[in-house]
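Chemist: Generate a structure from the sequence data that follows.
(one chain, ligands or ions: 3)
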Amino acid sequence: MTTDDIRYHSSHWGTFSARHRNGTLEITPFAKDPDPSPVLDNIPAALNHPARLSKPLIRRGWLENGPGPDRRRGEDDFVEVEWDEALDLAAKELRRLGAGPDQRRDGPVAGAHVFGGSYGWASAGRFHHVQSQIHRFLNAVFGGYVGSVDSYSSAAGAVILELVWGNPLNHPPSWREIAEDTELLIAFGGLALRNHSSSPGGTSQHVARSTLEAAAARGCQFVSVSPLRDDFADLPEVTRLAPRPATDVALMLGMAWHLHASGRVDHDYLARYTRGYEHFEAYLTGKADGIAKTPEWAAEICDLPAGQIVDLAERAASKRTHITVAYSLQRSRYGEEPIWMALTLAAMLGQYPSRGAGFSYGLASIGNLGKPPLDVPLPVLPQGRNRVDDVIPVARIAELLLNPGEPYTYKGETRHYADIRLVYWAGGNPFHHHQDLEKLREGFTRPDTVIIHESVSTASTRYADIIFPATLSAEREDIGASSRDPFMVPMQQLAPPRHEARDDYAIFTELAARLDCKEPFTEGRTSREWLRHMYKPTRRALGQRGLPAPDFDEFMLGEPLELPVASAPGHMTRFHEDPDANPLDTPSGKLEIWSDIVASSGLPGHPAWIEPEEWLGGELTRIHRFQLVANQPRGRLHSQLDFGATSMSLKQDGRECARLNPQDAARMGIQDGDVIRLWNQRGATLAAARISDDLPPCVVQLSTGAWYAPRDLQGSGMTCVNGNPNILTSDIGASGLSQGCAGQLTLVSIARWDAPLPDAVPHEAMLQISRRRPREAAPGVTPSGDA
Ligand SMILES: Nc1nc2c(c(=O)[nH]1)N[C@H]1C(S)=C(S)[C@@H](COP(=O)(O)OP(=O)(O)OC[C@H]3O[C@@H](n4cnc5c(=O)[nH]c(N)nc54)[C@H](O)[C@@H]3O)O[C@H]1N2
Ligand SMILES: Nc1nc2c(c(=O)[nH]1)N[C@H]1C(S)=C(S)[C@@H](COP(=O)(O)OP(=O)(O)OC[C@H]3O[C@@H](n4cnc5c(=O)[nH]c(N)nc54)[C@H](O)[C@@H]3O)O[C@H]1N2
Ligand SMILES: [Mo]
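Modeler: Ligands and ions are numbered 1, 2, ... in the order given. A predicted model of the protein is given here:
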């Protein structure tokens, strides 16, 4: 590549161009992006970072003793081996577990003992998207795998909405309506611009800021309901309410009671479009349980003045109001309830059929959701057929590994956990994303073998037996596109693969060949041939619409290509026009304020306030008095590129920072910059204190994403020295209905750390890697790196 050679690429947090200058990669955000994300600046450090994995690694205990459950997994060192040896050993193990061409016939499926749910965000790019790759591979060689459903992003919310509203993806919000028509936007969980930075598959235009500014200029008012001030942009006309975390349902019930008591409920709307309001009304008024959900009742729970609750209800009733709920509210115990209650509140207001009014889910969380859908198909890599009819709700991973055969409930059914012998993970970081990491550690001792593909030595690689070093997206070419983003990006290769890293596709191809399954996996195509093939449907559709439709080679050498968007009215609009002709995809075809399925799952059949175990109004505050908010990090996407410039600039000595309120800090003698210990019954973590008025007393915020580095510290027990909050969070399901991730909120204690301070563990020191001694080499294999 010459110094002036500018190339395009895409990431989940933005489209960009890049060129090499003076030995570094210089990144320029896409010119048509009005508000690029600072997270882009994490990319340059990644290419040559010492945390990059350079050769395949095998865990010593596995290499010496073979597969099997092993408590040393996570403690052991790793031996560097040559590619051929690693691939041979992996293929031999996959074969032992049943992989091979026989799995393509009918009959029992070996994949029933393979967990391939492999949750994670991977990278942008339609072909190298490694979740698609791993599923295709496991289908090809094992006939299938135990998968996962829902996501850590949205599980309780997705499950409840599917039952009472229809699939939320069919009812996307619209930035345009907010810019043009909304008069009052009430955002539960706020609408954090930092979160808008990322959308799965990539985003070429960050539009939240300009949309909110346009709405504000038109006179739209905003209410941000959130414990953090910076969960909403600094605009005029923002009312900020900070109820106790996890009490939004009570707040909404107080508003609903006021609407009821003041005759502001739109009964015509309820009769025409909804089902079961009478059950809810009996609960609201106390006819059912003797407790009227008055603003005063709500005020006690939320710790907000009742007058503010009444005022919010009045404002909502007198303006064209849009209620949006962030995903964060459902990543919580009984996380179904705030989502369902917000939908119910919007229905009671009855303005839903008006443009810009009504309800939306996730507008604050995934920026592309509010953009119009595309009018052409995008390139897709087919995943093949999974013959194993067994999935876990994604956040049950530790339970799955610990409790084979045990029952659990999901969506009103009882199911049983599979017996997993092989865990194969690529494109995710479970020791980032899961809760109660000490429990997950225990779970990972159980399988016979754990295989991971990674480009860097994340915490999860430490719990593997075989680690294959993968390329970064920047080291390969691909097509970047996402279903609601208007640009398709030629992802041009920015750098050659580092060390011996290989593309996931190349790794799977080599394994498939050793298992006599190469043809079904590759269909005879190279990566480039796949890209060319996958590009065809999009090109054809562009041509049919008379739009510019460059051929594949032209596209790959060109600039991001603008795609047409669909203008047909959304399903909710059609439903409101004629609910009988265009019913919702719910059991009754209506918006369900009462759901028989929910009622049969052990939860109330209508939205309700259910006291969680860990909240600031509960008993447990006698032991742990702070509410930890473990939200998404400002400076990176999850744990990805945590060593990058933006992410590192927000740390102190390589350690994550936690924010707390000045009153709390003063009482505990904590100064800005002191290291604090946060702990509870599950574990402890160290973080650097940042004292801030942006959050209320008794709330502490520590975002996710610091690389988990547990140390058994004297007097503190198992302690993450890097500041990962998931050693503290609980992995209990949101409820027996959804079993969703409830990791957002946890009760913790806090104190200044006065003992000798252990250093944070640098990213490149997560694994203990040994060069192999010559006598250890397998027969016929040349030992590596022992010169
Ligand atoms: N307490 C708490 N926990 C949470 C959350 C919370 O709010 N609170 N949020 C949850 C949410 S919403 C989510 S989505 C999850 C996110 O959890 P994850 O999606 O697991 O997190 P990432 O850090 O994005 O992990 C992606 C991994 O894939 C690797 N990778 C990227 N590209 C490639 C590739 O091409 N090939 C291979 N082989 N590997 C690749 C990266 O290096 C990285 O390690 O975390 C969840 N965890
Ligand atoms: N920069 C950046 N952006 C991201 C991501 C990232 O890792 N980094 N991750 C992306 C992903 S995968 C997802 S799923 C989305 C997630 O999107 P969200 O789930 O919406 O994001 P969070 O930051 O976890 O939470 C948003 C805010 O909700 C508030 N909150 C927490 N609990 C409560 C509560 O009980 N009541 C109220 N009213 N507010 C509460 C917190 O103050 C928090 O800052 O973000 C995406 N965007
Ligand atoms: Mo997410």
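
Chemist: Residues of the protein that sit close to ligand 1?
Modeler: For the chain, the residues found near ligand 1 under the criterion Cβ under 6 Å from any ligand atom are 120-123, 128, 130, 152-153, 331, 426-429, 432-433, 435, 453-456, 458, 470, 473, 504, 630-632, 637-640, 704, 725-726, 729, 743-744. Any C-beta I mention is one placed from the backbone N, CA and C, and that applies to glycine too.

Chemist: Go back to those residues and keep what's next to ligand 2.
Modeler: Okay, of the residues of the chain next to ligand 1 touching ligand 2 (Cβ under 6 Å from any ligand atom), that's 153, 331, 631-632, 637-638, 744.

Chemist: so residue 340 makes contact with residue 607?
Modeler: Yes. When contacts are counted by Cβ atoms under 8 Å, residue 340 is listed as touching residue 607 (4.1 Å).

Chemist: Smallest gap between the stretch 651-787 of the chain and ligand 2, at which residue?
Modeler: Of all residues in the stretch 651-787 of the chain, residue 744 sits closest to ligand 2, at 5.0 Å by Cβ to the nearest ligand atom.

Chemist: Now do the same contact list for that residue.
Modeler: Residues near residue 744 by Cβ atoms under 8 Å, 6 or more residues apart in numbering: 328-329, 331-332, 629-631.

Chemist: If we ignore the residues flanking it in sequence, what's nearest it?
Modeler: Of all residues beyond its chain neighbours, the one nearest residue 744 is residue 331 (4.2 Å), with distances taken as Cβ to Cβ, 6 or more residues apart in numbering.

Chemist: same check, this time on residue 133
Modeler: The shortest distance from residue 133 to any residue that is not its chain neighbour, by Cβ to Cβ, 6+ apart, is 4.9 Å, and that residue is residue 504.

Chemist: Going by neighbour count, list what's buried in stretch 757-768.
Modeler: For stretch 757-768, burial by neighbour count (16 or more other Cβ atoms under 10 Å) applies to 758, 760-761, 763, 766-767.

Chemist: Stretch 399-413 now?
Modeler: For stretch 399-413, the buried set under the neighbour-count rule, 16+ other Cβ under 10 Å, comprises 399-403, 408-412.

Chemist: same check, this time on stretch 15-24
Modeler: Per 16+ other Cβ under 10 Å, stretch 15-24 contains these buried residues: 15-20.

Chemist: Pull out whichever of those are also neighbours of ligand 2.
Modeler: Near ligand 2, by the rule Cβ under 6 Å from any ligand atom, you find none of the buried residues of stretch 15-24.

Chemist: Could you dump those into a markdown table with pLDDT, distance to residue 246 and secondary structure added?
Modeler: Rendered in a markdown table, the data for the buried residues of stretch 15-24 read as follows (pLDDT from 0 to 100; distance: Cβ to Cβ, whole Å; DSSP: H, G, I helix; E, B strand; the rest coil):
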| residue | pLDDT | distance to residue 246 | secondary structure |
| --- | --- | --- | --- |
| 15 | 98 | 37 | strand |
| 16 | 98 | 38 | strand |
| 17 | 97 | 43 | strand |
| 18 | 96 | 43 | strand |
| 19 | 94 | 48 | strand |
| 20 | 91 | 49 | strand |
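
Chemist: Nearest to residue 347 among those?
Modeler: Of all these, residue 347 sits closest to residue 15, with 38.2 Å by Cβ to Cβ.

Chemist: how about the CA coordinates for the biggest helix by length in the chain, as CSV?
Modeler: When the chain is parsed with DSSP state H, its longest helix is helix 527-544. Listed next in CSV are the C-alpha coordinates belonging to helix 527-544 (Å, rounded to 0.1, in the frame of the first residue of the first chain):
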residue,chain,number,x,y,z
SER,A,527,-13.3,-15.8,0.4
ARG,A,528,-13.3,-13.5,-2.6
GLU,A,529,-15.5,-15.8,-4.6
TRP,A,530,-18.0,-15.8,-1.7
LEU,A,531,-18.0,-12.0,-1.6
ARG,A,532,-18.6,-11.9,-5.3
HIS,A,533,-21.4,-14.4,-5.0
MET,A,534,-23.0,-12.7,-2.0
TYR,A,535,-22.9,-9.3,-3.7
LYS,A,536,-25.1,-10.5,-6.6
PRO,A,537,-28.7,-10.2,-5.0
THR,A,538,-28.0,-6.6,-3.9
ARG,A,539,-26.6,-5.6,-7.3
ARG,A,540,-29.5,-7.3,-9.1
ALA,A,541,-32.1,-5.4,-7.0
LEU,A,542,-30.3,-2.1,-7.5
GLY,A,543,-30.3,-2.7,-11.3
GLN,A,544,-34.0,-3.5,-11.2
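
Chemist: quick revisit: out of the buried residues of stretch 399-413, which are inside strands?
Modeler: With strands identified by DSSP state E, the entries of the buried residues of stretch 399-413 that belong to them are 408-410.
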